[in-house]
Each structure stands twice: as structure tokens, then as C-alpha cells.
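>>> One predicted model, sequence on top.
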Amino acid sequence: MASTRALARPRGLRRTHSSCSSSSCSSPPLSRSSSVTGGWWRSRSGRRGSSSDGPPASSSSSSYSVVVPRTKAGRGKKVSTTNKENEKRNKSAGSSPSLELLRGYGVQGDLGRGDPSPLGPSWVRSPGSAHTLNLAVFSDVSTGMAVCLFTKEGLERNSGPALEIELDPRRNRTGHVWHCSLQFDVEGPGEKPYTELFYAYRVSGVKMTSKNALTGEPEPGPGVVFNPDSGDLREARDFLVDPYAVAIASRARWGQLASEEAGAPDKGYDSITERFGPCWAQHACCLPSVDGFDWEGDKPLNLRMEDLVIYELHVRGFTQHASSNVKHPGTYKGLTEKLDYLQDLGVNCVELMPVNEFNELEYYELSPPNGVYRYNVWGYSTVGFFAPMARYGSCLSEGGDLGKTGEVVKEFKEMVKMCHQRGIEVIIDVVFNHTAEGNEHGPCLSFRGLGNRVYYMLAPQGEYYNYSGCGNTVNCNHPVTREFILDCLRYWVVEMHVDGFRFDLASILSRNHSSWTQLDSSSRGAATEGTPQGGEVVPLSEPARPLGGPEAQAGDEITAGCAGEVDEYVHDDDVPTGKPLSDPPLLQAISTDPVLKDTKLIAEAWDCDGLNQVGSFPHYGGRWSEWNGIFRDNVRNFIKGSDGPWAGTFAGAICGSPDVYGNAEPGEGDWWGSNDGRIWRGTRGPTASINFVTAHDGFTLADLVSYNSKHNEANGEQNNDGEQHNNSWNCGQEGKSEDQGVIELRHKQLRNFAAVLLVSQGVPMLVMGDEYGHSKGGNNNTYCHDGDINYFQWDVCEKQEGLVRFFRKMIHLRRGNSNLRQSAYMDGSRIQWHGVKASEPDWSDTSRFVAFSVTGDAEADDLYIAFNAGHSPLMIEVPAPESGSRWEMTADTSKPAPYDFLDCDEMLGAEDLKTAKQQSQTCLDNGYYTVAPYSCIILTRVVKEASSDELDDFSISSFTISRPAERASKPNKPKKPRKAKAPKIEPPQKEEEDETLLGILEENRRLKALLEAKKRKK
């Protein structure tokens, strides 16, 4: 049967700026076939499995039973042992004969009872070389649980487990936790290391719990899986990954298709590869290492938020390009080899895009437009939350030994340690809003089989809420799930030494969990009056089939919060599922957890159902910072010269967005901030704002100034994916250009964006590659491309040394001047605003000039910074410096490198630096300066060392690029220069200004010729 393929949600389809209305928040999107949004998950292979007859029966009297792998003659024997038989055997032989299969891996003794705590795998050291492995897993849905042990060879061939041990519920279960133990001689004379042994779980005994009130058909209880091909319900018979697994093995190298050797129907289990094709290899958990890691005294850096300069990067993309010249491209080790570059650039914090285990082949298919395959490159589809991405380890990056998968943990730790030694903190991007299991059409990897209704936000009949836009929504505020997330965060902080987390679609973490109780017939009448049912009627947008029932038609109505008749189920509390909570338990627990006290917490404060909490995310005393999309939009609109109120909003962005984080009054259209989120409005400072102009979602900085529209055709989705509203400007020509004027204007705009990002209060975040002008050809949603479009191109970076230098100098300017790094908002005594005339700012809708000066810190230099976003040069009045000091040019983005930032280094020698400063000093000493179109200047107040009379020989005032590009939008009317106040020398009048500008252009040409001569000498 041909599979129907529904596209996976691309990352750029988020509605990042939609206001969440009360109706949109209470009427949840469902992702089942009977939902508004339809199915999400699709098989990449076109192959579907069929329903099966259930797992092999187990003996009710056994403490555990063993399934031996099948032989060529057929299915293997199943060994069932009673407690009495175990006792007798333990006395005589000391172990079960079935465990003899594992003696070569150092397994000793018999299966032990184990302990229910801690969850996951853990070692207990015994005298000598003996170690006891304790396994504990939560599952509220199963009456049976088996531990499946895989060898490296079996996992590589996808031929199933070497041993399957069914646990005794009387001995190996405490409450909803299954547990057992195995003893290993990890240093003994075993034939193979214990690291080549892997484990997984398989649940059994799950039963149907009710009938569908609409169709009368059996309804799935917890843990029951829906077969999308047959419409049947069946028990989950998959091998399940431990949610607490610290490393996960699946394939031996990046992008390797799984073996399809498995397939015989008599094995008694389901192969994920059989049902979903070779893009899904069998996953199994690595045994944790018994060896410690030498941190060499590593401790958290605990840098202040206001001191951070964040650099968002992708581990594989940063060094995978051939020009990186690293020994281990695309890996944690490769990143470590390039830390000197980051340190020299000046960043002191890296924000790693998802490094948790994910399946890079989840979206694998041939994309027709360009004939290349689509991958899940970004990794926003987590398989294991405790496990670092295995194919980012050097042992598996180019094809390695699957038995060494666990070594990836040490490689990640080594990378963190090396970052800390260079003063660089590590923040990881975590995706607790959804998992890779998708909706009911997706694979059963872990959570779905162990506790579907605990780990996922479900409607009573099993429909998946889809606030993530990815097919499912993690049930974050359920007590069990909440504790799981806390355990995960603590693990990454304590064991892996990370410094913080960026939470993808963090608003989902504030939504109420689902927890339903089915009413029996005697209690239904009482529930119909006054009992909250927690649901809204949701019309179907397309034909869909309820579980086990006939086709539903578009326009039919189902109940999202209750099943059929409203008295079938009741929610366990009086808050509807998915409602945003003013005091969400998970966010409170994270914010107040003592282990996470100094950990940096960053929220992407929105989700895919329109809930926007920017400025009012539950922050618990300022513990959280937020990605500030308002900063991004205001800066983009002003720098490109748009008409509107952008001068004022641009100034607010420079101040750290006090209107967003300091003002208790919600803005217009702020539904959340006007309602339950109002208690979180205001009271915070600039560090609540993570300032960014670009991020992994959307245009790169170079594309932001080169494209008016997105060009995502290569994604294979007819350019329908990705953000439509980018606030970009192509500077006069779409895409690549050979026009020198367009090229120079784009370079100015790149420097302008860098300048405003790094002089604004708050926490700046740059994106990998923006410092050299990396372009993705106008594609603003490159989640699926494993190639140059997503790779840092080190050869291009070397060629653009001038642009990289400007970024580096701006970063070091920020880090060296505390006036730009304040933890509280500046008042009028610290920051003054200016217009073309000093102290007279223009906040009108036609204003395209904003200037300000900052003072205050005794050990920091005072600065004057001005932005001209108009198409005409402006002769401006510079505010008078304090007595005995003068303004000195630091940066002018209109000038070619290295004269765009005046600082002595290998590109700008001492003599050239002196000459360049002298050229601007006469005008500055006389109180005026010409700011070129689309440019920024930065002046530093220094102690005067020489009088202006000594500089009379240097009459050239300033200079701009030789061919300013025309604006694409309507030009603003040139403003007449204003006279300076006495006793300053008045600036040139109109008849003199043309001659001055001619001199400027001539000097610009002279400098360019000088640069060309230097290049020829080199």
C-alpha cells in the first residue's frame, strides 16, 4: 500500500509574532487524523508494517524469562525460571544458564532485583573490579516489561537483541518503576568490552481500556499504538529507548542507512526499520562508562549576563567544510580545534544548536528542485534528552566503531572543558516542547511506549495536541514529566558542566498538562453539572478518520477536550489542557532549583499556536532572559530606512528595550501580558533581552541586505515554507550583484547591523558566519540542507578579513567599555539623545537619524554614536566634550576596511592610523562631522593632547564611499545643515558644502588607491 506523505513541519513556519487570543489558547490544535491540522509524521521509506498478534506469552510464575535469539532452524527457545528454580540454580551454579551468552562481556552472577532509584542506568561499585549496573525505568502502562540486550554486531545488522529478559512484576517493580541489576567484571578477562553491549526495553500486557463514544469501537488505553495502515489498535511491541540513556547507538556514521536484514515474522517483536524503512535504524542505549573524567578542576565561569557576547553555532556545520582543515570535521573535537578563532573574535559564550541525540535521516528524501537529499540537519527533533548527539563524536563522524558510541560523552565534556579554559561559556539549545515520535503515525521510540498519556499532551481519545507544530506536545507540567525535565537539566549542568540552556518554543512549558479520568456510568450524571470538561468544539478542516471508526467529513465537529459525550471524561484539575498558566509548576521548579541556581536560562517566548510571551514570560525574579524578536524587527526597519515610528523604537532597542522589560503596562495587542501574564510584566532590566538581528531561523545577515523575498525552492516545498515577513532590503538589486555601488552599500549595512547589535544594552547574540557575510542564497529555512549552504566556509572567511576585523573590533569595544554593558536601565544623566543638532533628537516618523552619547562609568570612555539611515549625507553638530578632552574617531562604517575601525593592528599600521585620525580631527574639534548615507559613526572622548592649531595642515573633514547606491524606497528630503552654537566655528554653508563633499570623494578615492597599492605589494 502506498503511503501518504505529509511534510514534516519546517522550522521556519513558526508564527513568532502572532498575538495569542483567548480562543486560540483554549481551542488546542490536535494532530491526529481527526484533528484540525492533520497528520504530521511521515514514513521516509514508503513502507508500512502490519499489525501483529502480540508478544510471546510469559509465565506468570517466573521471576524472569529469557528469549534466546532465533537460529536458522527457526525461533529460539524461551527459558522460564521460577523463583525456587532460581534459588536452586544460584546455589549450584551461581547464575542462569541463559546469561552465559553474555559472559564474554564480563557479565557475572544472575539478574538482580535492582533499585527503583535513580531512574536510568547507574553503576554501583563493588570490591575489586566488580560493578553492578542498576537499570530503572518509569512506565505506568505496562503489566510486563522486558530488558533487551543487544551486541554491537546484532545492532549493526539490525538483527534484534541477543537476549531478552522478562522481569517479574512482583520482584522487579515498585509502583510504576521497573528495575533490575546485572553484575559486571569490567576489568576482567572478558572477550569483549562491556561497552559493546547495549540495552533497550519492551513493554507488554497493555490493554484496551474503553470504547469510543462516537463510533463504539475499541479505544486505545495508555501505551496502545494505532496502526495508520490498517486502522487497527495493537500493543506496543517496539524496542524502547530509556529516556534517561546517557548515550544512544543507532548508526555507525552520519547519514548511514540502516540494514534491512531483520524481517522474519516469527521473531516476536517489531523492527522500526521494517515499518519505517532504512532511515530509521534500531536505537539502543549504551552502558554508561565506569571510568571517571578528568575535569582538571573545571568550574562554572559564572560570567555576568551583561558581559556575554553569544555566538550561535551548529556543531557539524562549523567545521564540516573542507576548508576548515581540522582533523575531525563536523564533531565536538573539530569545534575544539577552532576555539582559538572564537576566542580571537571575542565571543565568550557559544550557544549550540541541538546537541541531543536525533535522527538526521528523519526527513530523508530526494528534493526534486536540485536533486539532493533532505536531512534533519538542525536537530530540532529529539530522540534522547540526556544523550549527546552520537554522530557529532569523532568515532562515528566518518564511519567508525558502533561499540565506541559511548565515548561521545567524553568528547563533549572535553569540548566544554576547553571552552572554559578560554573563558567561553557553553549554552545548549534544548527542545522540550516535542519529540521525534510525532503524532500517531510516527515511530514508537521511547516515551510513547512507556507512558503516552504521561509524556504527551493528549485529548481523552488519544489525539495529540500540537502546540509545537511538529505533531505532538510534551506534557511538560505533568508531575512525572516535570521531574524528568528537571533531572535532565541537572545532569547537563552537574555531569556535563554546561553553563545554560536556550529553550526552544518555551511558551509550551507554561501550558497546563493533560490528565484525564474516565467516568463510569454511576458518576456521569454528577459530572454533567459544574464539572470542568476542559475542551472546546473544534471543526475538522479536512476529512479524517477517528481511531477504528468511519471517515469523518470536513465540517464535522469533535470535542478536543472530551470524548464524544461531554460526560465520558473529566480533567483531573479545573484548568483546561493547554491553557497558559500564570504560575506554571515546571518553570517555577526550574527557576528555584538549587542545582540550577547560577545556570543561564533563555526562553524563546512563543509557540506555534500564537502564544507570544515576549516581555511577560514567567521569569521568577528575573531568572529568565528572552530572545527579543521586537529588538530584531525594530532594528531591521530603522537600518533599512523604512517610513514609520522606527526612530523611537530603534532608540528603545538601543536602551535594552525598557518598554518591553521595564514597563509594567502591556503593549497594544499583548493578549498574554494583558491577562494572566500581567504579573510578569516589568521589573526587569536590560539583561532580560537577548538582542539579535539574525538567528538560525530566517535570513543570514548577508541575505538580509541582499534579498527582498525568500527563495526556498531548494527545500522542495514550492517556496511555501519559511517566514514571509523578513523586513529585509536588497539595496537595489535582488540577490548577487556585480554593481560596485550595491556591493559597497551592502557592506555598509552589514557593519551598521553589527554596530547597533554591539552598542545596545542587553545581551547580543551573533550567528555563525555572519561575521564574514555568509549567504544562503536567500533561503531563510535551511533546516534540511547538509552542505555548503549550512557550513561555515573558512576559505571565504579568510577572504573577507576586513569585515571579520570590524566584527572583532566591535566585540572588543563592547567588552572593554562598561558603558555598553549595564545591568540596569540608564537614566538621563547617563545617556543623552541628539539629532542633527546636539541635544535635539527627532522622533518623527520621517526621521532617519538617531544619535546618543553615553557617560557615567569612571573607568570607561564616554562615547558618541550616530546612525544615519537616510540616503543623503548629514552634516551634524557634535556635542561639546568636557573641558580638556576631545572627541576622537573610532569607527565609521562608510569607510573601507581597515579604516572603518581605527585601531592599530596587522591591517592598519601606526602611521596609517595616525593619518586617518588626523583627517577627521579638524572637523571634530570644530564641533561638526559629515555622516555618510546609511552609515554609523562612533566617537570616543579622550584627553586632549594637542591643540587644534597643530592640525591646521589637515583640512580634509571626512569621506564616504565613492558611489552611494540609490534607495529602493522613496527618498527623504535632504535637510539643511544647522549652524553650530557660538563660540564654535560654524559649519560650511550650502555653497561650501558641495565643495567639501567633492573633497571627501576625492580623498576616498585616494585612500582606496593606497589600499590597492598595499595589496599589490603583498
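Received it, and whenever you're ready, just let me know what you need. Quick caveat: nothing in here was measured; it's all calculated off a predicted structure.
>>> Burial check on residue 458, number of neighbours?
Each residue near residue 458 was counted by other Cβ atoms under 10 Å, and the total is 25. (C-beta placed from N, C-alpha, C; glycine too.)
>>> cool, and residue 917?
Residue 917 has 17 neighbouring residues, counting by other Cβ under 10 Å.
>>> SS state for it?
Per DSSP: H, G, I helix; E, B strand; the rest coil, the secondary structure class of residue 917 is helix.
>>> repeat for residue 386
What three-state DSSP gives for residue 386 is strand.
>>> Counting neighbours, what do you get for it?
By other Cβ under 10 Å, 24 other residues sit near residue 386.
>>> Isn't it up against residue 286?
No - the pair residue 386 / residue 286 is not scored as a contact, 11.0 Å apart, by Cβ atoms under 8 Å.
>>> between those two, what contacts are shared?
With contacts defined as Cβ atoms under 8 Å, 6 or more residues apart in numbering, the residues adjacent to both residue 386 and residue 286 are 245-246.
>>> Contact partners for residue 338?
Contact analysis of residue 338 by Cβ under 8 Å, 6+ apart lists 318-319, 324, 326.
>>> Give me the pLDDT for it.
For residue 338, the model assigns a pLDDT of 98.
>>> Please apply the same query to residue 752.
At residue 752, the predicted lDDT confidence score is 98.
>>> Model confidence score at residue 537, please.
Confidence at residue 537, expressed as pLDDT, is 31.
>>> Ok, residue 944 next?
Residue 944 is assigned 84 on the pLDDT scale.
>>> In what element of secondary structure is the closest residue in space to it that isn't next to it in sequence found?
Once flanking residues are discounted, residue 944 sits nearest to residue 886: 4.7 Å by Cβ to Cβ, 6 or more residues apart in numbering. Taking DSSP states H and E as the criterion, residue 886 maps to strand 885-892.
>>> tell me what that strand is packed against?
Contacts defined by 3 or more Cβ pairs under 8 Å, 6 or more residues apart in numbering; DSSP states H and E place strand 885-892 against helix 801-816, helix 910-925, strand 935-943.
>>> low pLDDT regions in the stretch 451-600 of the chain?
518-569 (pLDDT under 70).
>>> where in the stretch 1-150 of the chain is pLDDT low?
1-98, 127-129.
>>> who touches the residue lying closest to residue 592 once chain neighbours are set aside in this structure?
Of all residues not flanking residue 592 in the chain, residue 620 sits nearest, at 6.7 Å (Cβ to Cβ, 6+ apart). Residue 620 is in contact with 587-588, 591-592, counting by Cβ under 8 Å, 6+ apart.
>>> So among those residues, which ones count as buried?
Neighbour counting by 16 or more other Cβ atoms under 10 Å classes 587-588, 591 among the contacts of residue 620 as buried.
>>> closest to residue 500 among those residues?
When the buried ones among the contacts of residue 620 are ranked by distance to residue 500 (Cβ to Cβ), residue 591 comes first, at 13.1 Å.
>>> returning to what we had before: correct me, but the residue nearest to residue 944 touches residue 924?
Yes - between residue 886 and residue 924 there is a contact at 6.8 Å, judged by Cβ under 8 Å.
>>> so which of the contacts of residue 620 comes closest to residue 943?
Nearest to residue 943 among those, with distances taken as Cβ to Cβ, is residue 591, at 46.2 Å.
>>> sorry, back to before: how many residues are close by the residue nearest to residue 944?
21.
>>> Does residue 258 touch residue 251 like I think?
Yes - contact criterion Cβ under 8 Å: residue 258 and residue 251 qualify, at 6.6 Å.
>>> Tell me which of the buried ones among the contacts of residue 620 fall in helices.
The members of these that map onto helices under DSSP state H are 587-588, 591.
>>> Figure out which of the helices and strands packed on strand 885-892 is closest to residue 448.
For residue 448, the closest of the helices and strands packed on strand 885-892 is helix 801-816, at 44.9 Å, according to Cβ to Cβ.
>>> What residues of that closest one count as buried?
802-815.
>>> Need the residues you listed in JSON lines (columns: distance to residue 930).
Formatted as JSON lines, the buried residues of helix 801-816 follow (distance: Cβ to Cβ, whole Å):
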{"residue": "802", "distance to residue 930": "22"}
{"residue": "803", "distance to residue 930": "23"}
{"residue": "804", "distance to residue 930": "27"}
{"residue": "805", "distance to residue 930": "24"}
{"residue": "806", "distance to residue 930": "20"}
{"residue": "807", "distance to residue 930": "25"}
{"residue": "808", "distance to residue 930": "27"}
{"residue": "809", "distance to residue 930": "22"}
{"residue": "810", "distance to residue 930": "22"}
{"residue": "811", "distance to residue 930": "27"}
{"residue": "812", "distance to residue 930": "27"}
{"residue": "813", "distance to residue 930": "22"}
{"residue": "814", "distance to residue 930": "26"}
{"residue": "815", "distance to residue 930": "30"}
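>>> I'd say residue 713 and residue 719 touch.
Yes - in this structure, residue 713 is within contact of residue 719 by Cβ under 8 Å, at 5.2 Å.
>>> Now find how far off-centre stretch 641-651 is within its chain.
Put simply, stretch 641-651 sits 29 Å off its chain's centre (Cα atoms, centre = their mean, to the nearest Å).
>>> want to try a markdown table for the ones in helices among the buried ones among the contacts of residue 620, with distance to residue 882 as columns?
Listed next are those as a markdown table, based on distance: Cβ to Cβ, whole Å:
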| residue | distance to residue 882 |
| --- | --- |
| 587 | 47 |
| 588 | 49 |
| 591 | 44 |
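>>> Out of the contacts of residue 620, flag the one nearest to residue 367.
The closest of those to residue 367 turns out to be residue 587 (Cβ to Cβ; 38.7 Å).
>>> residue contacts, the closest one?
By Cβ under 8 Å, 6+ apart, the neighbours of residue 587 are 509-510, 618, 620, 624.
>>> Grab the nearest non-local neighbour of residue 172.
residue 180 (5.1 Å).
>>> would the one you found count as being in a strand?
Yes - applying three-state DSSP, one finds residue 180 inside a strand.
>>> Look up the pLDDT of it for me, please.
Reading off the confidence values, residue 180 has pLDDT 97.
>>> So what does residue 201 look like in phi/psi?
For residue 201, the backbone dihedrals are phi -120, psi 160 (criterion: degrees, to the nearest 10).
>>> neighbours around the nearest residue to residue 888 once chain neighbours are set aside, how many?
The spatially closest residue to residue 888, leaving aside those adjacent along the chain, is residue 942, at 4.9 Å (Cβ to Cβ, 6+ apart). By other Cβ under 10 Å, the residues close to residue 942 number 14.
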